[in-house]
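1. I would like the atomic coordinates for the input below:
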Amino acid sequence: MHIFIDAGLSSVNANEITMLEVGLGTALNCALTAQWALANEATVNYHALELHPLTSEELGLLNYSNSLDEKTAVLWNQICKAPWDEKVQINKNFSLLKQKTDFTQWQPTHKYNLVYFDAFAPDDQPEMWTDEQFSKIYSSIESQGVLVTYSVKGSVKRTLTSVGFTIERLAGPPGKKHMLRATKP
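-> Modelled structure (predicted):
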C-alpha cells in the first residue's frame, strides 16, 4: 500500500491511468490497485509482466482470500484466474493484461502514466536494473509519469537519474527506511 498505492498510484493526476507492473508476483499490488480504482471512480488499464507466474497451488497457500477484505479478495481471485496474454475487463473501472514474458526481452508498445517496478532486488536480478531496462521504461512513460520501487540502492538512483528521471527518496513502509519515486519531466 505504502510504496505502490500511496506513493505511486495516488500521485498520478489523471482520470484514466495506463500502468505497467514489472513483476506481477502474487498479484497483491494488482488487486489493491483494482480496489483503489473502484473506490476512486478512476479507470485503470493495468499491464503486468511476469516470467514465472505462481501456480494455482502456490497462490492458494497465500491465503489472501481469507486475509484480504472481502471486496479485494474477490478482485484478487478474478485477477489470478484471468487468462494470460489476453486483455480482460475485471470490473467497470479496471482492465488487465497479464503477459508471461521476460522483462529484459520485452519491448513496450504503450505509453504509461505509472510503473510499479517490483522486480527482485538489484543484487538478486541485476539484469533487471540496468541502464538499458530503465531507458526502455523511460521511453514508454508519458511526461509527468511516475515509476515507484522499494529499492534505494545507490546504483539504482544513479541509473534512474542517468536515463532522465527526477528521483525522490521517500519514507519507506514499516521496516524499510526509504523507497524511491522517479518522475519523467
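
2. which element follows the longest strand seen in the chain toward the C-terminus?
-> With residue count as the measure and DSSP state E as the assignment, the chain has strand 141-149 as its longest strand. Later in the chain than strand 141-149, the nearest helix or strand by DSSP states H and E is helix 154-162.

3. helices or strands next to that following helix in the packing?
-> Under the contact criterion of 3 or more CB pairs under 8 Å, 6 or more residues apart in numbering; DSSP states H and E, helix 154-162 touches helix 131-140, strand 166-171, strand 178-183. (C-beta placed from N, C-alpha, C; glycine too.)

4. show me the contacts for residue 16.
-> 42-45 (CB atoms under 8 Å, 6 or more residues apart in numbering).

5. quick check, pLDDT for residue 15.
-> pLDDT recorded at residue 15 is 85.

6. for it, grab phi and psi.
-> Main-chain torsions, residue 15, degrees, to the nearest 10: phi -80, psi -30.

7. spatially nearest residue to it, not counting backbone neighbours?
-> residue 42 (6.2 Å; CB to CB, 6 or more residues apart in numbering).

8. give me the neighbour count for the one you found.
-> 17 (other CB atoms under 10 Å).

9. rewinding a little: any idea of the mean pLDDT in the longest strand of the chain?
-> For strand 141-149, mean pLDDT rounds to 97.

10. what lines up beside it in the sheet?
-> strand 112-117 (parallel), strand 178-183 (antiparallel) (DSSP bridges).

11. show me the contact partners of the last one.
-> Residues from elsewhere that reach strand 178-183 (CB under 8 Å, 6+ apart): 2-3, 7-8, 11, 144-152, 156-157, 160, 165-173.

12. which of those residues count as buried?
-> Buried by 16 or more other CB atoms under 10 Å: 2-3, 7-8, 11, 145-152, 156-157, 160, 165, 167, 170, 172, out of these.

13. picking up where we left off before, tabulate the strands paired with strand 141-149 (CSV), appending mean neighbour count and distance to residue 133.
-> Output for the strands paired with strand 141-149, formatted as CSV (neighbours: other CB atoms under 10 Å; distance: least, CB to CB, whole Å):
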stretch, mean neighbour count, distance to residue 133
strand 112-117, 24, 9
strand 178-183, 20, 13
